[in-house]
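Asks: Would you be able to build a 3D model of this:
(one chain, ligands or ions: 2)
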Amino acid sequence: MFDTAFLDLPALSAAGGEVHLPGSKSISNRVLLLAALSSGSTTVHDLLASDDTRVMLDALREIGCSVDAAGGSSVRITGLGGRPPRSPAKLFLGNAGTAMRPLTAALALLGGEFELSGVARMHERPIRDLVDALRQIGCRIDYLGTDGYPPLRIVQTPGVPALTAPIRVRGDVSSQFLTALLMALPLAAGTQDIVIEVLGELISKPYIAITLALLARFGIVVGQQNWQRFTIAAGSRYQSPGSIHVEADASSASYFVALGAIASSACEPKGITLRGVGLDSIQGDIRFVDAARAMGAVVTGGPNWLHIQRAAPGQGWPLRAIDMDCNHIPDAAMTLAVMALYAQGSSTLRNIASWRVKETDRIAAMATGLRRLGASVEEGADFIRITPPPQARDWKAASIPTFDDHRVAMCFSLAAFNPAGLPVRIQDPGCVAKTFPDYFEALLALAQAPAERIPVICIDGPTASGKGTVAAALARQLGYHFLDSGAIYRVTALAAVRAGLAPDAGNEARIAALAQTLPVRFAGDRVLLGSDDVSQAIRTEEVGVNASRVSAMPAVRAALVALQHGFLRLPGLVADGRDMGTVIFPQAPLKIYLTASAARRAERRHKQLISKGFSASIGDLCAALQARDARDGSRSVAPLTPAQDALVLDNSDLTIDETVARVLAEWQARQPFAVSAQG
Ligand SMILES: Nc1ncnc2c1ncn2[C@@H]1O[C@H](COP(=O)(O)OP(=O)(O)O)[C@@H](O)[C@H]1O
Ligand SMILES: Nc1ccn([C@H]2C[C@H](O)[C@@H](COP(=O)(O)OP(=O)(O)O)O2)c(=O)n1
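Replies: Numbers count the residues shown, from 1 in each chain. Ligands and ions are numbered 1, 2, ... in the order given. This is a model prediction of the structure:
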């Protein structure tokens, strides 16, 4: 996940490939509970791994269901199937409303003694409408804290209550209470019809439609009249479907549908394939596909998959402008607002008043970002009209505020395909964690950009100037990849010595051959040589000196070029070494030559070695590093020297943080975003 202050997306040119979307949270928890209430075992595939599903799984174990890992993101649940739940039990449900509400209803009907609690925020989330509905049918539920809110105690004698009158529940505040009743009341439908009546106009009907569709998969058919009266027929029984796939969130899919519609495919296979949600989706937001098609997207699909391709020029590319009532797809429709940037003419999205009261005022948020990109935007209480920048040159490099709204952040990532080749800055990219923590990783795995557009910051300099420390900190702050090229030379030296090859000129060809296929991998902070973790072994002074020797061999340097170029990946790279700016990435827009006095560097290296448990004397270190500087600086190929366009930064009297701040300021100054004006 990118938890940086901002994420700069370079201009993207194409996209293609396959993405498996994570399972929907609310479908995951519905399916888990239904599996737990059924007879038989259910293998649940594509379950979302999240806090909310974890607490549900723990609760199900606690009440006596068996939960077994079934490989990857699958679990096997063996349901109660008419057995009483294990009781008494205390269930901690975190902040998962999708666990608290349905479990309350189900346990109140199953009978036993239970305490249901959660985090402090959960104890501020109302549950009275559900408790009132359950009390109507004789369930005993007490509030353990504030009236109307969890924590709750359920003390219910087992046995099905006789239900003579319809059960009434309010539907105008939240549809989750109705979902909870619909999932629990089949437990009472053995010998009697169950009728639920909704008081008030039912909101969020598409979510009830999801509940009904899932109940049907578990053998429960619910009759429904006008979304006001629901009937569960006598004799209804939960029956496991054996296996079930959790659909991905259809509104999360909208970003990738849009991606396929606007991005060309540079190579085969063409287009974007989405796995996890398909044309037969039970989610209302799947209707986004129709809107995307109306704009020109070429979408095919089947159960659990979609394939999206950009239309041929003139046949849907550039996209067609639309004028659409978006009431049925409120969340996914935000994506249309960004697709409108790639349309010919003005697009109007209507009946979207609910955008104003979501995570943020989404009409205002979208208007702000779109205007910053150069679009003309008109907004009203319940509509937005977007006219794209007339020409490529009218686009602007924008820093987009995201207002702590995951959907705003995901939407504007798509502006990186702009025809002007401008980068886009997404502020607070971590806000996508709400529904799709790895959204940007998934996008960047599909997106392509020419190598010359992928930003690189080079930090070269002599030993112990702080290059590695500063480069790693910068990479972290910018969300960029990090290349520690010195580590590659160190691993080469270690591998050579282990293979019995002394780092002498006579062994150059053999060491170069070894370097050509060097199985080096970086995994977070660890450096692996094959499967051997060499992170510690390569940090000794002896390996450093040997690295300096092998690095003076032209054939070895040539052999390692492709490996180093391979680190240049989206969204950008910070590279640390000796020749990053002079040889490996001469096109880099920022090159820093970091240096410090020999005495300072010897002190730093001394401290570093002591802290890692190696013994060393400052005097020896100072002499050694001066010798190394001399060798690195005088070798025939790629000698250590500042690139012509490098900024020389002597940090003898700077702290690490000050050095990082200096480099970051240089980087920011080179960006096209008017940061101070735009915030
Ligand atoms: N500006 C600085 N002031 C003080 N210590 C620093 C500074 N920069 C780096 N160091 C310390 O010096 C040591 C060497 O830094 P390192 O990043 O390994 O250097 P290099 O990669 O240039 O060889 C580290 O322990 C680091 O914490
Ligand atoms: N891009 C690079 C990186 C390192 N080298 C060589 C020169 C250095 O003495 C060794 C070890 O590099 P490393 O950056 O790990 O060394 P220091 O941590 O600066 O002591 O590799 C190089 O020639 N070119």
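Asks: Give me the pLDDT value at the residue nearest in space to the middle of the chain.
Replies: Nearest to the mean C-alpha position of the chain, by Cα atoms, centre = their mean, lies residue 438 at 1.5 Å. The predicted local confidence for residue 438 comes out at a pLDDT of 92.
Asks: now swap in residue 72 and tell me
Replies: You'll see residue 72 listed with a pLDDT of 89.
Asks: Would you double-check that it falls in a strand?
Replies: No - judged by DSSP: H, G, I helix; E, B strand; the rest coil, residue 72 forms no part of a strand; its state is coil.
Asks: ok, now how distant is it from residue 303?
Replies: With the distance defined as Cβ to Cβ, to the nearest Å, residue 72 ends up 19 Å from residue 303. C-beta coordinates here come from the backbone N, C-alpha and C atoms, glycine included.
Asks: do residue 510 as well
Replies: As defined by Cβ to Cβ, residue 510 lies at a distance of 56 Å from residue 303.
Asks: So which of those two has more stuff around it?
Replies: Neighbours were counted for residue 510 and for residue 303 using other Cβ atoms under 10 Å; residue 510 has more, 14 against 10.
Asks: nearest residue to that one other than its sequence neighbours?
Replies: Closest residue to residue 510 in three dimensions, ignoring its sequence neighbours and counting by Cβ to Cβ, 6 or more residues apart in numbering: residue 501, at 5.5 Å.
Asks: quick one, phi/psi of that neighbour?
Replies: phi -100, psi 110 (degrees, to the nearest 10).
Asks: Could you pull up the contacting residues of it?
Replies: Listed by Cβ atoms under 8 Å, 6 or more residues apart in numbering, the contact partners of residue 501 are 507, 510-511, 514.
Asks: ditto for residue 265
Replies: Residue 265 makes contacts with 14-16, 271, 309-310, as judged by Cβ under 8 Å, 6+ apart.
Asks: Which one (most neighbours) among those residues?
Replies: The member of those surrounded by the most neighbours (other Cβ under 10 Å) is residue 15, with 28 neighbours in all.
Asks: For that one, give me its contacts.
Replies: 259-260, 263, 265, 272, 417, 446-448.
Asks: ok, now residue 488?
Replies: With Cβ under 8 Å, 6+ apart, residue 488 has these contacts: 518, 520, 560, 563-564.
Asks: at 10 Å what do you get?
Replies: In this structure, residue 488 makes contact with 515, 518, 520, 522, 527, 538, 547, 551, 560, 563-564, 567, 577, judged by Cβ atoms under 10 Å, 6 or more residues apart in numbering.
Asks: what secondary structure does it sit in?
Replies: Counting by three-state DSSP, the backbone at residue 488 sits in helix.
Asks: tell me the pLDDT at it?
Replies: Checking the pLDDT column for residue 488, the value is 98.
Asks: give me the low-pLDDT residue ranges for the protein?
Replies: The model of the chain has pLDDT under 70 over residues 674-679.
Asks: near ligand 1, which residues of it?
Replies: For the chain, the residues in contact with ligand 1 under the definition Cβ under 6 Å from any ligand atom are 461, 463-469, 604-605, 607-608, 651, 654-656, 659.
Asks: Repeat the analysis, applying 8 Å as the threshold.
Replies: When proximity is defined by Cβ under 8 Å from any ligand atom, the chain lies next to ligand 1 at 461-472, 484, 486, 576, 594, 596, 600-601, 604-605, 607-608, 611, 651, 654-656, 658-659.
Asks: and the two most separated of the contacts of residue 265?
Replies: 14 and 309 (11.9 Å; Cβ to Cβ).
Asks: Would you mind measuring from the residue of the stretch 1-150 of the chain at minimum distance from ligand 1 to residue 479?
Replies: Closest residue of the stretch 1-150 of the chain to ligand 1, Cβ to the nearest ligand atom: residue 4 (20.6 Å). With distances defined as Cβ to Cβ, the gap from residue 4 to residue 479 amounts to 4 Å.
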